[in-house]
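In: Could you work out the structure for the sequence below:
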Amino acid sequence: MVNFHILTLFPEMVLQGLHTSILGRAAGRGDISIEAVNIRDYTTNKHGRVDDYTYGGGAGMLMQAQPVYDAYKSVADRIGEKEGKKRKPRVIYLTPQGKTFCQEMAQELAKEEELIFLCGHYEGIDERVLEEIVTDEVSIGDYVLTGGELPAMVMVDAIARLVPGVLHNDESAQTESFGNGLLEYPQYSRPEVWHDKQVPQVLLSGDHAKVDAWRLEQSLLRTKERRPDLYENYRKEHPQTKQKGTHSKT
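Out: Numbering: from 1, shown residues only. Just a heads-up that it's a prediction; the model follows:
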């Protein structure tokens, strides 16, 4: 089980997005837990402000250290009490300056019991509190968003689906794209013929060995065409892999 704690100025945004569909059902079963902690609840400012001007000038406002730190402490102290020891939890700050999120990172984080996500806004967060509490800085891509909530939701979704019990068919998380370093093979459902397009005969054969071989071949072809970087990495790790050329449907 993984407990996700999201420090945010917009808890309703996070909870509405993550308490639906597969993750909502998983949380209801107790396979994961998701809480949103409102940073604004911890400000000591009588007007409820959590931001101020930056020293040195510049456009925009900066989230202040005090409310962020106190929101973090409220979660960290609860984790410490539950575990019976004072251990610094893993705190992920969503920032374009961080390491790019990937499936390998999702697999690593899915092994944690407690994960805290820190969502910034405005021009970011006072550097002093980041130095104090953050263990990982992570980006979901080379672009800038208005806040860290969407990246946090993306990460929670990707991590949670790797937690045992979240997906009804745990094999799904192992065979899909990036699970083995390749993109996923094409898939088909009923009817057998649609718009004059036939399901590949090998998938109708009932021969599981041939189906597995076909799927690997299709994954290699698709990866070579769409993500040559992943294809080359896979070939280096699997030197016996033959070069794949033209796309074959049957």
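
In: middle-most residue in the protein, spatially?
Out: Met155 (2.1 Å; CA atoms, centre = their mean).

In: I figured that one hits Thr100, correct?
Out: No. Applying CB atoms under 8 Å, one finds Met155 not in contact with Thr100, separated by 11.6 Å. All C-beta atoms are positioned from the backbone trio N, CA, C, and that covers glycine.

In: Identify the contacts common to the two.
Out: Common contacts of Met155 and Thr100 (CB atoms under 8 Å, 6 or more residues apart in numbering): 138, 140.

In: low-confidence ranges in the protein?
Out: 85-86, 169-177, 243-250 (pLDDT under 70).

In: the strands in it, which residues?
Out: 2-8, 32-38, 51-53, 61-63, 90-100, 114-118, 136-139, 193-194, 197-198 (DSSP state E).

In: Those: which one's closest to Glu232?
Out: Ranking the strands of the chain by proximity to Glu232 (CB to CB) places strand 90-100 first, at 18.2 Å.

In: need the strands of the chain in CSV with mean neighbour count and distance to Asp207, can you?
Out: Shown next, in CSV, are the strands of the chain (neighbours: other CB atoms under 10 Å; distance: least, CB to CB, whole Å):
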stretch, mean neighbour count, distance to Asp207
strand 2-8, 24, 39
strand 32-38, 19, 38
strand 51-53, 14, 63
strand 61-63, 19, 59
strand 90-100, 18, 40
strand 114-118, 24, 43
strand 136-139, 18, 43
strand 193-194, 10, 21
strand 197-198, 10, 18
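
In: can you put those in a markdown table and add distance to Leu221?
Out: Output for those, formatted as a markdown table (distance: least, CB to CB, whole Å):
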| stretch | distance to Leu221 |
| --- | --- |
| strand 2-8 | 35 |
| strand 32-38 | 35 |
| strand 51-53 | 51 |
| strand 61-63 | 47 |
| strand 90-100 | 26 |
| strand 114-118 | 36 |
| strand 136-139 | 30 |
| strand 193-194 | 22 |
| strand 197-198 | 18 |
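
In: Would you mind telling me which of the ones you listed is nearest Ala160?
Out: strand 32-38 (5.1 Å).

In: Now do that closest one: distance to the chain's middle.
Out: On the basis of CA atoms, centre = their mean, to the nearest Å, strand 32-38 sits 15 Å off its chain's mean C-alpha point.
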